[in-house]
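J.: let me see the structure of the following:
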Amino acid sequence: MNKQQELFCKLYVESNCTKAIDAYLQAGYEAKDRKVASSSANRLLLNARIKEKIQQLYAEREKELMKIAREKIMDTADKRAFLARVISDPAVNMTDKLKAVDIDNKMSGEYISKTQITGADGGALAITWEGVNSGGSCKEDNNSL
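T.: This is a model prediction of the structure:
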């Protein structure tokens with residue numbers, strides 16, 4: 001693969017694989033008009049070595065983007081460690097410490113209360129209600145949740 005083809009591949013991947021004609025022209029290829037350039041760029045994309053190089057560059061680009069994302073996004077353990085530092089730092093004011101405690105409690109599920117209600121002997125819960133319906137009184141039994 002020559003330098004011009006490599007540059008075409010690089011420019012094509014940088015354009016998010018959407019602008020073959022622009023990558024073709026920016027790589028230094030000449031064409032009498034954009035229609036010929038478009039046709040020539042598409043022909044290049046059919047070349048097996050070009051396809052392979054584009055796939056390689058695209059995979060490298062994705063790997064780099066994932067690395068950046070991992071570096072910029074803290075995982076749960078990192079967030080909780082940060083909150084612990086905020087809480088224990090004597091220079092941090094009490095309002096900010098309380099906010100950090102609140103956030104940590106939300107992350108750990110401290111505020112979620114779960115209650116399980118069952119009927120007699122752990123069975124289904126039976127609900128009975130009486131009310132006024134258009135036809136008079138109404139009484140229902142054995143409505144299980």
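J.: what segments of the chain are strands?
T.: With strands called from DSSP state E, the chain shows them at 126-133, 136-144.
J.: lowest average pLDDT across these?
T.: Lowest mean pLDDT within these: strand 136-144, a mean of 48.
J.: domain parsing for the protein?
T.: Following automatic domain parsing, one finds the domains of the chain at 3-72, 76-108.
J.: what's the most buried one of the ones you listed?
T.: Comparing those by mean neighbour count (mean count of other Cβ atoms under 10 Å), domain 3-72 ranks first with a mean of 14. Any C-beta I mention is one placed from the backbone N, CA and C, and that applies to glycine too.
J.: report the distance from that domain to the chain centre.
T.: 26 Å (Cα atoms, centre = their mean, to the nearest Å).
J.: same deal with stretch 95-114?
T.: That offset, for stretch 95-114, works out to 24 Å (Cα atoms, centre = their mean).
J.: show me the contact partners of it.
T.: 76, 79-80, 83-84, 86-87, 92 (Cβ atoms under 8 Å, 6 or more residues apart in numbering).
J.: in helices only, show me the residues you listed.
T.: Per DSSP state H, helices hold the following members of these: 76, 79-80, 83-84, 86-87.
J.: how about TSV for the domains of the chain, with mean pLDDT added?
T.: As requested, those are exported to TSV (pLDDT from 0 to 100):
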stretch	mean pLDDT
domain 3-72	89
domain 76-108	88
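J.: need those in CSV with distance to residue 125, can you?
T.: Shown next, in CSV, are the domains of the chain (distance: least, Cβ to Cβ, whole Å):
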stretch, distance to residue 125
domain 3-72, 47
domain 76-108, 30
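J.: quick one: closest of those to residue 117.
T.: domain 76-108 (24.8 Å; Cβ to Cβ).
J.: what about the longest helix in the chain?
T.: helix 48-72.
J.: and residue 32, how close does it get to residue 62?
T.: Distance of residue 32 to residue 62, computed by Cβ to Cβ, to the nearest Å: 36 Å.
J.: ok, now residue 29?
T.: Residue 29 is 27 Å from residue 62, by Cβ to Cβ.
J.: can you check residue 76 too?
T.: 24 Å.
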